[in-house]
Structures are given as structure tokens and as C-alpha cells.
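Visitor: the following block contains a protein sequence and its predicted model.
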Amino acid sequence: VSLSHEATYVQLRRWLKQRSFRNPYLLPAHFPDSGRGLMVTKSLKAGEIILSLPKKCLLTTSTVLESYLGEYIKRWKHPISPLLALCSFLIAERHAGIGAMWKPYIDILPKTYTCPVYLSEEVIDLLPRPLRKRAREQKTVVQELFISSGPFFSSLQRLFTVKVEDVFDYDALRWAWCSINTRTVYMKHEPTGFLSGEPDVYALAPFLDLLNHSPCVQVAAGFNKENSCYEIQTATGCAKYDQVFICYGPHDNQRLFLEYGFITSSNPHSVVYVDKDDLQPQFSTTDNGQMTKNLRLLAEHGFLENLTFGLDGPSWRLLTAVKVLCLKPEEFPSWKKVLLGASVSQAHEERTLNFVKSLCCCLLHESHKVIQKISMLRSTRTESEQLTLVKALRREEHQILLKSAEILQNLRPDLT
Ligand SMILES: C[S@@+](CC[C@H](N)C(=O)[O-])C[C@H]1O[C@@H](n2cnc3c(N)ncnc32)[C@H](O)[C@@H]1O
């Protein structure tokens, strides 16, 4: 469904036209699977520029430093981060409403997001274990940013007629943080001395940021110094009246969920991560004391991260980690051999395979239980959107684990 006739998009086009941006064949539209995105009204050949956005349309830290916030940022005793400068500007412009210079852009930004920082503890508890930890870390990052930014926000009081705490509250910062995290393009800026030394690599790119992600397309993107435009070129082409996608990177579904608050079905990059707490001793015939020793050895050699099941079965790292976990006291001196991929004995290989099968089965059981649980939950409208997303994530995970279980069923112990 085309959205281009709606007032907010008409205003945005007018505003972009004043800044020399024209693109008559890209239309904002609503798509059933991916929500709002851009549709092309002519076919695009491989190598064609999808969109070329003039520098004047980009919102960067230079925009903020040149704005009414600039003198406050430059005067502030501790230089604030580029991220906080952008967040503060978005919040101030949203509050200014009708009088804001960036109003047509602010109006098309989502009002809320589905990134983990928006999730309740109950919904976070339904995530796969490794993602649960990272979701909580994201919430902590935003909460800490809010607390540490309080004094800077207070310094802006003269700009507002209402109490500054009512403008720069936690909800506003969370919204601005997600707007930047989910929508900016990478653009490196020279340090100005007015901001902290953290990387200044963000640019908000109105209209261009309506492009959705697909893992199946290839694009080249970057700032073209010759014409001073941020450009995106397609390497795969696009048929007339189709949605134009770009690729945000070779991200698995957990990363897409964490960074952007969505997942894609049949994502070729997706894997199921195994957390070290999933490696419970109950699967093993090795005694607890030896298991603790084996786990310590794995931790010392950095073998407790990136352990995965994929569509092609358990990863080499996961198999190797489990081989170490299955070492009995008399086999322990062979640990170096195991890390190098050599076999210890037929019995050890069999123990390893049984352990990995039980682990896969246990993860399958858990994801099935969570999918069932979500189907039974009653939820508000906001929670329902979040739960649909978590359920889709769990379903994708379930498919991967089923495929892995099938592969493991046909695997001979000597081929692990
Ligand atoms: C840069 S914006 C793209 C435009 C966005 N759909 C909008 O309406 O503003 C990135 C956000 O779009 C959504 N998105 C991008 N690709 C998607 C896809 N393939 N399926 C579902 N949502 C997607 C996610 O919410 C993501 O955080």
C-alpha cells in the first residue's frame, strides 16, 4: 500500500526538495512482511544508484553543533559523546514540534521500537539464554546513559519553558537512542574537540532510512565526496513495483533483534548460540569435579564463546568444546590433542556425540516450551507485538535445531 499521498510523506518530500533531493521513482509504502519500506516504480539494474542524498539532508553532529544546542555543548565542562549530542537534538526537536526545523523528519520516525531496551522483564525471560543476557546489558547501557546525562540535560533549562526533566526523561532518551541505533548510516566525521573522543560515525539520513533489510541483496553505500551526497548503489537490481532492500550486514537473527528489533525468516546467517550455562553437567558421564576442571580449561582457552548449532549441524567449536568437557580424569592429559582436533578414543567420541545430541534435544525442548507458552499468554497491544517477535525468533531457532538434530542422528561417532 503506497503511503506517498499521506500528509507526513508529502511534507517530508517538500522539505527534502528544498534541500535539493529528488527521487520520483521511490515511494514509501507498507508491505505485509516487513512493514514500511520503499517501493520502486521502475526497474533498477545491477550497478544503478538507488538513492543519492545531499549532505544538507543528513543529520550529523555538525548539524547539532551548528544548532541552538551548539553553544551549550561547547560550553559544557565535560565534552559529551557524539551519540548523546544526537540524542539530545532529536529529543529537543521532537519537543519543539511545529517550530522545529527537522519536524518533517521527526514526524516520520517510529513512535516506539521493539529493540530489547523496550522489553519488559517478563518478555526478556522468554528469549534464548545468550540473548537474554545481552538484552539486559542493552537496558543497563541506556539506563546508565540516562543517569550520567542528567547534569548536561539540566544545563539546557534556559532553552525550555517547561521543566527540563519533563523533556529529557528516560522514555525520550530511550526513543532517541533507538532512533539512532536502528536508523543511522555509517559516516566517519573528523573530531571537533567539542565532543568526547568516542567514535563519531553516525548520520541520520531522512528518506534513505526507510529502506528495509534483506540478507539476500548486495549494495555499496558511502559518502561520495565528488557530489557531496550519501549514495547507495544496488549490486543485485530490483524489479519494477517491488520493495527495494539494502543489506545492513551479514547479521544473524539475534544481532538483528538486538540492534534493530526485528528478525528475518530463513536468515542464512542465523545460528543458535549455546550459552556456557547450557553446558550442564547432567548430559555428561564425566564426574562433576572433572567437569569443573574441563570447563575451566575451556574458559582459559576462550572456548566458551561462539558455540553454535547451525543448519549444517553443530559448529566445529561446539564439538571441540564438548570433546573437552567429556574428558575423563585419565584422558585429561590429552586435552591439547583434542583442541587440535585429534581423536582420543572411540568411547570418548561416542560420549561426545551423545552429549551434543542431548544438548540439542534439551534446547529443542526449551524452544518448543517457550513457543507454547507465548501462544497461551494474554497481552496488551505493545506486548503482543513484542511477543510475536520473540515467537518468530524462537521458531527460527527451532527450525535450526531440528535440522541439527537430524544431522546428528545420522552422524557416526568417529566423524564428529
Ligand atoms: C532503517 S529502518 C527501515 C525503515 C523502517 N521499516 C521504517 O518504517 O521506518 C530500520 C528498521 O526497519 C525495520 N526493518 C528493516 N528491515 C526489516 C525487515 N526485513 N523486516 C521487518 N522489519 C524490518 C526494523 O524495525 C528496523 O529497526
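Guide: Everything's here; your move. Keep in mind that this is a model prediction, so the values were computed, not measured.
Visitor: could you check how far the strand or helix carrying Arg394 is from the centre of its chain?
Guide: For Arg394, the element it lies in under DSSP states H and E is helix 381-409. Relative to the mean C-alpha coordinate of its chain, helix 381-409 is positioned 17 Å out (Cα atoms, centre = their mean, to the nearest Å).
Visitor: same question for stretch 169-178.
Guide: For stretch 169-178, the distance to the chain centre is 17 Å (Cα atoms, centre = their mean).
Visitor: and that stretch, what's buried?
Guide: Ala172, Leu173, Arg174, Trp175, Ala176, Trp177, Cys178 (16 or more other Cβ atoms under 10 Å). From N, CA and C alone the C-beta is placed, and that goes for glycine too.
Visitor: now swap in stretch 137-146 and tell me
Guide: Residues Gln138, Lys139, Val142, Leu145, Phe146 are the ones in stretch 137-146 that count as buried (16+ other Cβ under 10 Å).
Visitor: give me the nearest residue to Lys337, chain neighbours excluded.
Guide: Val344 (6.7 Å; Cβ to Cβ, 6 or more residues apart in numbering).
Visitor: ah, wrong one, I meant His189
Guide: Asp200 is the one closest to His189 (Cβ to Cβ, 6+ apart), at 4.4 Å.
Visitor: in the buried residues of stretch 169-178, find the pair that's most separated.
Guide: The most widely separated members of the buried residues of stretch 169-178 are Ala172 and Cys178, with 11.1 Å between them, by Cβ to Cβ.
Visitor: wait, doesn't Asp252 sit right on Ser270?
Guide: Yes: with contact defined as Cβ atoms under 8 Å, Asp252 and Ser270 form a contacting pair (4.5 Å).
Visitor: one step back: torsion angles phi and psi at the residue nearest to His189?
Guide: phi -110, psi 90 (degrees, to the nearest 10).
Visitor: if we can go back for a sec, columns distance to the ligand, secondary structure and pLDDT on top of the buried residues of stretch 169-178, output as a markdown table?
Guide: Below are those laid out as a markdown table (distance: Cβ to the nearest ligand atom, whole Å; DSSP: H, G, I helix; E, B strand; the rest coil; pLDDT from 0 to 100):
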| residue | distance to the ligand | secondary structure | pLDDT |
| --- | --- | --- | --- |
| Ala172 | 18 | helix | 98 |
| Leu173 | 18 | helix | 98 |
| Arg174 | 14 | helix | 98 |
| Trp175 | 13 | helix | 98 |
| Ala176 | 14 | helix | 98 |
| Trp177 | 13 | helix | 98 |
| Cys178 | 8 | helix | 98 |
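Visitor: closest one to Val10 out of the residues you listed, please.
Guide: Trp175 (24.1 Å).
Visitor: please tell me how far the closest one sits from Val117.
Guide: 10 Å (Cβ to Cβ, to the nearest Å).
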